[in-house]
Structures are given as C-alpha cells and as structure tokens.
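[1] need a 3D model of the sequence below.
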Amino acid sequence: MTTRELIADSVEGALFLDPADYDEAIIGLAYRFGMMPVVAYDRTRVVDILARDMSREDAEEFFEFNTIGAWMGDSTPVFIDTRPAE
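    Have a look, this model is predicted:
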C-alpha cells in the first residue's frame, strides 16, 4: 500500500495535494487536540517537487500563494519545515 492509501484508510476525509507526485513529500500525520489528524508534508520537499517545472524562486512563490494560502477546511494539510533551525 502507498502512504496515501494507508492514510486514507485510517483518516476519514483526509485531504491530499494533487497531483499524487506530492505524495513523496508526505511525512505522516499531524495531530491536534479535539480535531481529526491531517496529512503532514515536508515543506522543502514540496517546493523541490514544484521546482522540477519552474525556477526555485517561482516554486517558493507558488507554494506560498497557492499551497499554504489554500484553506480547505479543518482537514487542510500542514507543512513542516524539517530543516535545522539556524
């Protein structure tokens, strides 16, 4: 089973980024008090995937406006910055 399938089977109404190319950036689930878990993506890996088809600068801008800025309700995925703090 894929990560997407495992999460979809365990979390009713889980939302994922489309296309499924972004599945390689899934790092797991994020849990919040009193709410259903949501899909957690590695922010850097999502931008890396976007940068396959555009410049890094355009990928960052696209991510900030179209991905982070897309509220899809309580099941909206979260994006984790996994880089070490400076």
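
[2] where along this structure do the strands fall?
    Applying DSSP state E to the chain gives strands spanning 26-30, 38-42, 78-80.

[3] give me whichever of those strands is most buried.
    strand 38-42 (a mean of 22; mean count of other CB atoms under 10 Å). Glycine gets a C-beta too; all of them are placed from N, C-alpha and C.

[4] tell me which strands and helices that strand is in contact with?
    Counting contacts by 3 or more CB pairs under 8 Å, 6 or more residues apart in numbering; DSSP states H and E, strand 38-42 packs against strand 26-30, strand 78-80.

[5] next, the angle strand 38-42 makes with the longest one.
    This means strand 26-30. Strand 26-30 runs at 140 degrees relative to strand 38-42, counting by axes from the mean of the first three to the mean of the last three CA atoms, to 10 degrees.

[6] how far off centre is strand 26-30?
    8 Å (CA atoms, centre = their mean, to the nearest Å).

[7] ok, the last one next?
    The chain centre lies 6 Å from the centre of strand 78-80; the measure is CA atoms, centre = their mean.

[8] what's the model's confidence in it, averaged?
    Mean per-residue pLDDT for strand 78-80: 97.

[9] can you list the residues that contact it?
    27, 30, 38-43, 46, 67-68 (CB atoms under 8 Å, 6 or more residues apart in numbering).

[10] per-residue pLDDT, the most centrally placed residue in the chain?
    Centroid-nearest residue in the chain, with CA atoms, centre = their mean: residue 41, separated by 3.4 Å. Looking at residue 41, its pLDDT reads 98.

[11] residue 17 is in contact with that one, correct?
    Yes. At 6.8 Å, residue 41 counts as touching residue 17 under the criterion of CB atoms under 8 Å.

[12] now do the shared contacts for the two.
    With CB under 8 Å, 6+ apart, residue 41 and residue 17 have common neighbours 25, 77.
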